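K.L.:
Predicted model and sequence below, questions to follow.
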Amino acid sequence: MGNYVLAHDNSDYLGTQYVFDGSGGMTFRRSSYYSSEFAWDPVRSRVYYLADNISPKDLLYQVIDQSTGEITEGGETPYHGDYNFFAPIRITPDGERILLGSGELYDWDTLSVSGSLGKTIKDAHWQDDLLIDVDTHDVVEIRDGDSGEVLTAFHYAGQPIRLVFDERQAYL
């Protein structure tokens, strides 16, 4: 998470989050909800995560101060049971929007729904001005990163696990 490492211990109901610096020193500790996934936004020094061990689930964030390693603020969506919240969590390169496995896009500032892909996804990745997503029905879609318009789609054989990109190509 930027200059720090975030660790989560799920040994009790809430669990504990720890922040460590590069030398292994603990800079912060607090109780927090369990999450199946965390996603880092380097633009705003935010880590987004899901409250997976409560009902209804929710999308939350917290800010990790990059000079002290302390968690300085946090928040959650205004929805409590209105939407399904599940992994993956993918953040646009500019940090403006957060995409969840449900296909909903959330605004970084208000954590309000700002759009939807219209389907659930197994994984997604922003590459340049494109959004590439893969669902559980053998479909990969390449979309305009801003409008969400599908530019092309194709079927593949196999079960998606994750999209992985290197400098030359993508892998399923």
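P.N.:
Sure thing, it's come through.
K.L.:
ok, the spatially most central residue of the chain to Phe20 distance?
P.N.:
Centroid check for the chain by CA atoms, centre = their mean gives Ile89 as the closest residue, at 2.2 Å. As for Ile89, its distance to Phe20 is 21 Å (criterion: CB to CB, to the nearest Å). Every C-beta, even on glycine, is put in place using the N, C-alpha and C of the backbone.
K.L.:
quick one, phi/psi of Val19?
P.N.:
phi -120, psi 130 (degrees, to the nearest 10).
K.L.:
Just give the number of residues close to it.
P.N.:
For Val19, the tally of surrounding residues (other CB atoms under 10 Å) stands at 24.
K.L.:
ok, now which ones touch it?
P.N.:
Residues in contact with Val19 (CB atoms under 8 Å, 6 or more residues apart in numbering) are 1, 4-7, 26-29, 64, 69-71.
K.L.:
Likewise for Ser31?
P.N.:
Neighbour list for Ser31: Leu14, Gly15, Thr16, Gln17 [criterion: CB under 8 Å, 6+ apart].
K.L.:
ok, the residue lying closest to the second one once chain neighbours are set aside - contacts?
P.N.:
Closest residue in space to Gly15, ignoring its immediate chain neighbours: Tyr34 at 4.9 Å, by CB to CB, 6 or more residues apart in numbering. Shown here is Tyr34, whose contacts under the criterion CB under 8 Å, 6+ apart are His8, Asn10, Leu14, Gly15, Ala51, Asp52, Asn53.
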